[in-house]
Each structure stands twice: as C-alpha cells, then as structure tokens.
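Student: Any chance you could fold what I've pasted below:
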Amino acid sequence: MILLKTIAKKVHGHLIGKGDMPISGISSIKEAKEGDITLLTHTSFRKYIKDCKASAIILGDDIDFNDIKDKNLITVKNPALAYVEVAKIFNKPRKKEKGVSQLTFVSKDAKVADEVFISPYVYIDNGAVIERGVTIYPFAYIGENTFIGEETTIYPHVTIYDKVKIGKRVIIHGGAVLGSDGFGYVWDGKRHIKIPQLGIVEIEDDVEIGANVTIDRASLGKTIIKKGVKIDNLVQVAHNVSIGDNSIIVAQVGIAGSATIGKNVILAGQVGVRDHITIGDNVKAGGQTGITKDVPENSLISGTPHMPHKDWAKLQGYLKKLPRLFEKMKKIEAKLHLEVEND
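Tutor: Numbers count the residues shown, from 1 in each chain. Alright, predicted model coming up:
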C-alpha cells in the first residue's frame, strides 16, 4: 500500500485531491475498485470515468478535468510513462531461486554462469555461453556456440539455433525461433537446389522479440536486430535483414531477405517489405502497406504499392465516390443512346 502523494511524486505529476489516500493496486478504468489507481490514457475512455470506482486517476495534463474535480487526480505530461512507473510499484517480479535444474541438459563444453535461473527440460548444446542473470524457462533449446548476454529472459518453447549471438537484457517470448535457415534456393533446370545458409543471427542489447517470431540466419554474414528494437508477435524476418536502433515492428509484418531498415522506423501491422530494399530512418508505414522500393528517411507512407500517406488518403476519397460516378456515367450514356453492358 502506498499514499497517493508518494505516487504523484514518483511520476512527477500534479496532485489534485487527497494526498494521504492509500493506494493498494493498479487496474483498468473499467475494472478498477476502491483502493486502485487507474489511468485515462485516451480520451475515448473518458465515458467510463463517471462510473469508475478507482480511488485515483492519472491523466494527461492536456485533458480538461473540470467535470471530474470531485475525484482524486494526478495530471502528468505523459500518462503512458506514468503507467510504467506505477506498474513497477505494484508489479514486483516473482523471486526465482538461482541455479540450474537437475532436469536440464547442459553440454560439458557449455559455459553457464553461477547466477542464472534455468528451468527443467532446457537443452544447452556444445560451446554455448550463458551469462550472469539469464533466465531460461522450460522446453527452450539453446544451440551450439550460441551466446546469451546478461539479464536476458527466454520464455518457454523458444528455439535458438547454432551460433546465434544475443545481447544484454533481451526478452524473447514463447515460440520464437532464431537462426533457422533463410529461404534460399536456386533452380538448376530440373529442381530447386538449397543454398547453404552459413551466416548467423545477432540480437543487440535491450531488444524484445514477441511470441512466434521467426528470424532467419544469414546466407553469409549476419541478420542483425540492433539496439532497442521491439518486435511484436508473429513477425517474419528473413535472411540478411538489418533492422536499425529503436525500430518498432508490429504484428504480422513480413520482411524479405537483405532488406535494410533504418533507425526509429515504425512498420504497422501486416506491412510487407520487399527484398533488397532500403527504408530510411524515421519512416512510418501504415497497416498493410506493401513496400516495394527504397523509401527516403522521414517518410509517412501507406497503400500497396506504397505511396505518400496523403496521396493514399486522397485515393481512398476517390474510391468512395466511384459508385456515384458510375451512376452518372450510365445516365450520360443513356442520353447519348449508347449500348452499355452492365456487367
């Protein structure tokens, strides 16, 4: 339990109401009960405030709160960042007993630091290096000569093939596969011949990889995910792809081989990226965009094939007008006594 004024101080917010109000938990605005603190992260949730039972609400300082002054409020510049701080107060990570389970297989040639937590039924192959503070949950496979940096967390059923290099504080969610072969074949006139995939995958520090993501090893060289990149669930990253620092890749994105993605790029859900193209820094691509050629930095794009977002929005306006335009054309043709097929 913590006093509301203490929370206000932690989030650098402005307190309106009872600072000595005890707060015992955090909850969503629709499910909060007495003693909870909640957040108004979007104006669309404002309709729930009237019936909200939370003892306090955090909201942005740009939101008009004159009609809810009867509630305990903390106004902040960035509610999402405030949420992160408050969540840390109430969501303490569960304590795990350090060590390696007797039901884990560790190769004699593997190097495992003392301060690790490795669950039963993990397989660690020859030459693998597991550094201090690493957590590995059941049924994970750590391939030969793979390196896993400090404080990295690997959730159940993750498969990490040979020679993958993983940095510090990386989080890899269940079902992800890192280092499988890239999809490379050559046609010899009779059949598809597999191109050997001899490269590696490298994941830099502070990357998060969602559930069931697949990141292929390079044919030669490396597939690289740079510092701070966040990848949502169900994303495919092909061989020799490079993703720049702090980029965001949302669910169901597919990135074809040898594509280069700059820093701070945002690819929304179901974006497709063609092979061997370059996307500049700070590019933002709307959902389901098909990126077919190089994109200059700082672009905002949408549509398939991709185009500037404002052009795409204009086309959507024209599409809505097509039925009315079609009816007009039929009337004009009738006046001109033309024979028209209505299929």
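
Student: Identify the residues contacting Asp294.
Tutor: If a contact means Cβ atoms under 8 Å, 6 or more residues apart in numbering, then Asp294 has Ile277, Thr278, Ile279, Gly280 as its contacts. Every residue, glycine included, has its C-beta placed from N, CA and C.

Student: ranking these by neighbours, who comes first?
Tutor: Per-residue neighbour counts (other Cβ atoms under 10 Å) across these peak at Ile279, which has 28 neighbours.

Student: Quick check: it touching Ile291?
Tutor: Yes. With contact defined as Cβ atoms under 8 Å, Ile279 reaches Ile291; the gap is 6.7 Å.

Student: Any chance you could list residues touching both of those two?
Tutor: Common neighbours of Ile279 and Ile291, using Cβ under 8 Å, 6+ apart, are Val273, Ala285.

Student: all helices in the protein, in order from the N-terminus.
Tutor: In chain order, the chain shows helices spanning 4-10, 79-90, 309-335, with DSSP state H as the criterion.

Student: looking at these, which is closest to Tyr155?
Tutor: Closest approach to Tyr155 among the helices of the chain (Cβ to Cβ): helix 79-90, 19.1 Å.

Student: Look at the closest residue to Gln102 other than its chain neighbours and report its pLDDT.
Tutor: Spatial nearest neighbour of Gln102, excluding adjacent residues (Cβ to Cβ, 6 or more residues apart in numbering): Pro120 at 7.9 Å. The confidence metric pLDDT takes the value 96 at Pro120.

Student: how much space between Ile118 and Ile160?
Tutor: Distance from Ile118 to Ile160, counting by Cβ to Cβ, to the nearest Å: 14 Å.

Student: circling back to that earlier point, and the residue nearest to Gln102, what does it touch?
Tutor: Contacts for Pro120 (Cβ under 8 Å, 6+ apart) come out as Ser101, Gln102, Leu103, Thr104, Pro138.

Student: now the helices of the chain as CSV including mean pLDDT, distance to Ile37 and mean neighbour count?
Tutor: Conversion of the helices of the chain to CSV gives the following (pLDDT from 0 to 100; distance: least, Cβ to Cβ, whole Å; neighbours: other Cβ atoms under 10 Å):
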stretch, mean pLDDT, distance to Ile37, mean neighbour count
helix 4-10, 94, 7, 18
helix 79-90, 91, 6, 16
helix 309-335, 92, 37, 10
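
Student: mind putting those in TSV, distance to Lys284 included?
Tutor: What follows is the helices of the chain, written out as TSV (distance: least, Cβ to Cβ, whole Å):
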stretch	distance to Lys284
helix 4-10	32
helix 79-90	18
helix 309-335	8
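
Student: Out of those helices, which gets nearest to Val201?
Tutor: Between Val201 and the helices of the chain, the shortest gap by Cβ to Cβ is with helix 79-90, which sits at 29.0 Å.

Student: Show me what the closest one is in contact with.
Tutor: For helix 79-90, the external contacting residues (Cβ under 8 Å, 6+ apart) are 2, 7, 10-11, 13, 25-26, 37, 39-41, 58-60, 74, 76.
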